[in-house]
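Novice: Quick one: sequence and predicted model below, then my questions.
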Amino acid sequence: MADSPTKRRKIRGFSMKTRNSRKHGYADIDLLELVLWPAGQLPVELFTLIISHLPRVSIQSMRLVNKEFEEKVSEYLFRVVVVPFKPEIYGIAPDPSQGRMLDERTIDSPQGSVMLQDKGMRVFQGFGRHILRFAMSFEFDEEKLARPPIKSEQEAITSFWGIYRWPFKKYNRYTQLEGLEQTADETRTMARALRFIKNAKELGLSIDGGLGWLAGPDINQKVIERDGKVSVFGPSRFVPEPPARPALSGKATSSQPDLFDAPFRGLSADLRNSSQYASIQRMLQEAGYQDELLEESVQVMLETEELIVGPSENSESLSSDFNGESLREPTSTFIPRLQNGANPPVPGAYVSEDDDNGTATETDLPTPSARAGRSKTDTYSLKPNDLTNAQREMLLEIEWAQRAFMQSYAIAIIDNPPTFKNIETLTIARLPNRHLPILRREDFWDGLPQLKKLSLAIIPEWRDVIKLPTSWVQDNKVTPSESISDVYKILQEQIAGRENITTLHFEWLCGGEEAPGLFARNQHVLAAPLVPHAMNMVNRTHISELLPLPFIQHLTLKNCWISPHIMTRFGSALKKSALQSLTLDSVSLTASLPDNVQPNPITTNAANPQILPQMGLHAMHAAANAAMLNWAGGQNAQIVLPPGQPGQAAHVLQPILPLQQATPASNNHSQSGPGWLELPRVDSWPHIIDTLTPCQDLAAIRYSRDLGPEPIPRKKSALRKLAFKSCGYVRLPLDFDQTILDPLDPVGPQQSSFAKRISDLDGFMMKSNDSTLGVIVNHISSIEERTLSNAWNLTLGWDRSRQVLAVEAQADGIQSPGKGRFGGVIEAPVALNT
């Protein structure tokens with residue numbers, strides 16, 4: 001026992017020199033010196049291989065090991081960068097003392113507009129050399145739009161008799177959005193930051209201002225679970241992050257401090273937690289009230305206004321133009337009101353949870369009976385068809401900031417040709433069509449001299465938000481198909497004539513097969529921008545101008561529809577151009593349109609027959625926005641107006657029973673053979689493919705089987721590949737014969753749960769009278785199926801690659817996702833290529 005302390009002292013004093021080290025002759029070498037990182041001996045490829053199996057968080061931790069790790073890991077980590085646009089993106093922060101910004105040259109001076117810090121710009125300077133694919137994003141958050149920040153609509157003024165509120169002399173801004181706009185206005189700063197992106201080969205852009213289709217309460221939980229957001233550069237390169245561990249059980253803590261418990265505990269909890277209370281508190285804080293004086297002033301204003309203001313019988317609720325009523329400006333008579341002009345709570349009155357500031361709160365001073373009778377729909381904080389004033393103002397200010405950002409972005413590219421001379425690909429993952437005129441500048445595209453690939457995904461707008469001279473903000477309904485003109489102009493004026501741009505991808509981000517929601521899936525499909533206006537697609541009284549693409553070698557169209565005669569003309573023009581491959585992704589044809597005919601819109605809503613009895617005729621909009629034509633056999637019957645007096649609306653909707661499919665025209669030279677080898681129906685998919693195919697057409701197949709004469713030799717063309725992904729047919733709310741798209745066996749009615757949800761949400765969803773918005777038809781005739789399958793080996797329906805999309809479509813009420821759609825690739829034989 002006496003020796004134990006001595007042994008312990010020997011252990012503590014052990015010098016890490018082992019017996020083995022003495023035995024092998026290096027007794028003087030410390031063991032720690034033997035365990036060293038082999039600097040510069042591991043190749044970068046080994047780092048890349050390890051990183052490819054790690055989530056992003058682990059890769060970021062690897063950078064912190066040593067300088068070699070930082071250098072080799074950063075090369076992979078920063079290879080693809082998407083930077084969200086925020087006020088601190090360049091290291092720029094507002095100067096709180098001056099209420100403005102200071103720039104780099106006047107950082108020591110109190111006068112200026114921008115204060116430049118080192119941290120933000122060093123990110124571009126330090127890692128810009130690693131970036132090969134760089135994108136910037138500026139997107140609105142639908143959750144924040146549902147609950148906008150509190151913003152005072154009036155200012156508190158102190159007088160000798162008390163405190164009263166009065167409208168601002170100027171329009172009051174959201175602080176964060178105003179900061180975003182100020183940052184976006186810094187054109188020189190953006191240009192300087194982008195100069196460090198020297199080695200990039202691809203630029204990206206993702207802009208969404210919320211003026212397109214809003215889903216609101218129409219949510220598909222399956223899409224939310226997989227985070228179905230549009231990515232700029234495709235799927236992430238990193239391994240998904242592991243699921244977060246559940247929080248340890250313990251005392252629950254509130255995410256927000258309780259600001260109202262100290263004084264005036266006698267107030268009801270509903271009132272102290274209401275948005276009106278918070279709005280008045282914010283207003284008084286801006287006026288300079290603080291601490292106990294602030295709470296006392298809030299109490300005084302609440303008591304005073306509740307005594308002065310009662311329920312106003314003459315007050316009119318301000319509704320959006322989407323409800324069918326024009327927006328009325330507030331009256332000039334001043335009546336003290338709570339935030340955004342709302343009357344103060346009256347005991348026993350029912351007030352919706354969705355107040356004017358867009359924040360879902362408890363009903364102000366509700367009676368038990370009112371609370372018990374509350375509908376589920378009252379809990380929706382975002383109603384796309386009826387936005388609150390705060391939500392309209394937020395959309396307006398987002399649009400201001402995004403417009404400033406787009407102008408700075410374009411100027412930064414125009415003013416820095418050496419920086420972007422190596423850019424070969426421009427990917428615009430999301431862009432509202434209102435910003436296209438900014439890019440319709442020749443010097444912008446001249447600043448990208450090596451650009452070869454262009455991807456353009458456009459968000460068509462459904463509303464326009466404007467500020468009136470009275471500072472009142474209103475939203476006006478916009479026809480989505482008007483976006484086609486803007487896209488056609490930029491393609492014709494700036495893209496078609498550039499020989500360097502050889503690959504073009506275009507798609508609409510609105511409706512279609514991938515749009516989530518009961519009111520969006522398989523609906524709202526826009527025409528392809530091949531003509532100047534959407535109605536030019538269906539107007540056969542004159543020959544419309546067609547988009548020329550003489551230098552495009554690889555063309556992709558996605559999520560759009562084309563009329564057969566335009567598709568025929570467009571395909572013939574492409575075969576005479578440099579086009580080598582054509583990809584049609586979720587592209588649909590309409591029914592055949594007769595010559596010298598201009599169809600007119602159907603003025604009655606071809607809605608789901610299950611919910612028609614629940615809707616008044618005044619609420620029925622254009623058939624393109626029917627609440628699921630694919631439901632309850634809606635895609636199986638064409639809803640038309642019965643005969644009546646001109647100008648009068650029909651009071652009864654009569655479905656025309658599906659007609660027998662037209663028999664394909666027989667070939668005079670053909671002998672007895674399979675029906676699918678005969679001439680296909682004119683303007684059908686087999687007819688279109690037969691004229692475009694780079695391999696054997698039907699005439700050549702018949703000749704090879706001794707079923708027809710030798711075909712006339714086809715003209716040589718550069719087209720070598722046709723690719724189809726979920727293509728089929730679409731129905732339009734126009735008064736021309738579309739019964740050829742109706743199946744012989746109508747589908748049975750949809751589940752009552754979907755029909756009930758449609759009925760519950762219909763009043764809150766956006767409506768449009770656009771007669772060129774198509775609805776996908778999940779049907780194709782059996783003779784066409786056999787022709788597509790046997791002649792060109794195309795597959796019908798969706799394969800396993802669309803299994804996730806099929807599950808999501810079923811959750812949106814589509815009974816047979818992928819039915820009536822086809823896909824596959826048609827390639828010219830090698831001998832023909834040479």
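Specialist: Here it is on my side, so go on.

Novice: which residues touch the closest residue in space to residue 457 that isn't next to it in sequence?
Specialist: Once flanking residues are discounted, residue 457 sits nearest to residue 507: 4.9 Å by C-beta to C-beta, 6 or more residues apart in numbering. Glycine gets a C-beta too; all of them are placed from N, C-alpha and C. Residue 507 is in contact with 456-458, 556-560, 585, counting by C-beta atoms under 8 Å, 6 or more residues apart in numbering.

Novice: does residue 507 have beta-bridge partners, and which?
Specialist: Note on residue 507: beta-bridge partners residue 457, residue 558, judged by DSSP bridges.

Novice: All the helices of the stretch 1-150 of the chain, in order from the start?
Specialist: For the stretch 1-150 of the chain, the helices defined by DSSP state H, counting those that start in this stretch cover 4-12, 19-23, 31-34, 44-51, 56-62, 67-77, 118-127, 142-146.

Novice: Partner strands of the strand of greatest length in the chain, with direction?
Specialist: When the chain is parsed with DSSP state E, its longest strand is strand 721-731. Counting by DSSP bridges, the strands paired with strand 721-731 are strand 581-589 (parallel), strand 775-777 (antiparallel), strand 822-827 (antiparallel).

Novice: Pretty sure residue 82 sits against residue 232.
Specialist: Yes. When contacts are counted by C-beta atoms under 8 Å, residue 82 is listed as touching residue 232 (5.2 Å).

Novice: what do the two both touch?
Specialist: Residues touching both residue 82 and residue 232 (C-beta under 8 Å, 6+ apart): 135, 137, 204, 206.

Novice: For the longest helix along the chain, give the mean pLDDT please.
Specialist: As assigned by DSSP state H, the longest helix anywhere in the chain is helix 389-414. Confidence for helix 389-414, expressed as mean pLDDT, is 92.

Novice: returning to that earlier point: what about the residue nearest to residue 457, distance to residue 529?
Specialist: From residue 507 across to residue 529, the span is 11 Å (C-beta to C-beta, to the nearest Å).

Novice: where do the contact lists of the two overlap?
Specialist: Counting by C-beta under 8 Å, 6+ apart, the shared contacts of residue 507 and residue 529 are residue 560.

Novice: And the strands paired with strand 721-731: which comes nearest residue 471?
Specialist: Of all these, strand 775-777 sits nearest to residue 471, with 40.2 Å by C-beta to C-beta.

Novice: And for residue 131, the neighbour number?
Specialist: Counted with other C-beta atoms under 10 Å, the neighbours of residue 131 add up to 21.

Novice: same thing with the one 10 residues further on?
Specialist: Residue neighbour count, defined by other C-beta under 10 Å, stands at 11 for residue 141.

Novice: before we move on, what about residue 782?
Specialist: Residues lying near residue 782 (other C-beta under 10 Å) number 12.

Novice: Now do the contacts for the residue lying closest to residue 194 once chain neighbours are set aside.
Specialist: Distance criterion C-beta to C-beta, 6+ apart; nearest residue to residue 194, sequence neighbours excluded, is residue 412 at 5.3 Å. Residue 412 sits next to 187, 190-191, 194 when contact means C-beta under 8 Å, 6+ apart.

Novice: how about the residues you listed in a markdown table, adding neighbour count?
Specialist: Listed next are those as a markdown table, based on neighbours: other C-beta atoms under 10 Å:
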| residue | neighbour count |
| --- | --- |
| 187 | 16 |
| 190 | 24 |
| 191 | 18 |
| 194 | 22 |
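
Novice: which two in those are spaced the farthest apart?
Specialist: Going by C-beta to C-beta, the pair spanning the contacts of residue 412 furthest: 187 and 194, at 10.9 Å.

Novice: Quick one: mean pLDDT for stretch 49-56?
Specialist: 84.

Novice: ditto for stretch 515-533
Specialist: 94.

Novice: Could I get the CA-only coordinates of it as CSV?
Specialist: Taking Å, rounded to 0.1, in the frame of the first residue of the first chain, the C-alpha atoms of stretch 515-533 are listed here in CSV:
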residue,chain,number,x,y,z
ALA,A,515,-48.8,21.0,-59.4
PRO,A,516,-49.9,20.0,-55.9
GLY,A,517,-53.4,20.5,-54.6
LEU,A,518,-57.0,19.7,-55.5
PHE,A,519,-57.4,22.9,-57.4
ALA,A,520,-54.1,22.8,-59.3
ARG,A,521,-53.3,19.2,-60.2
ASN,A,522,-53.9,18.5,-63.9
GLN,A,523,-55.4,22.0,-64.4
HIS,A,524,-54.4,25.5,-65.4
VAL,A,525,-52.1,24.3,-68.3
LEU,A,526,-50.9,27.2,-70.5
ALA,A,527,-50.2,27.2,-74.2
ALA,A,528,-46.6,26.9,-75.3
PRO,A,529,-45.1,30.3,-76.3
LEU,A,530,-44.8,29.3,-80.0
VAL,A,531,-47.3,32.1,-81.0
PRO,A,532,-47.5,35.7,-79.9
HIS,A,533,-50.9,35.2,-78.1
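
Novice: Of all the residues in that stretch, which ones are buried?
Specialist: In terms of neighbour count (16 or more other C-beta atoms under 10 Å), stretch 515-533 has its buried residues at 515-533.

Novice: Break down the stretch 551-700 of the chain into its helices, ranges please.
Specialist: 564-575, 685-692, 698-704.

Novice: Please identify the most buried of those.
Specialist: Highest mean neighbour count of the helices of the stretch 551-700 of the chain: helix 685-692, a mean of 21 (counted as mean count of other C-beta atoms under 10 Å).
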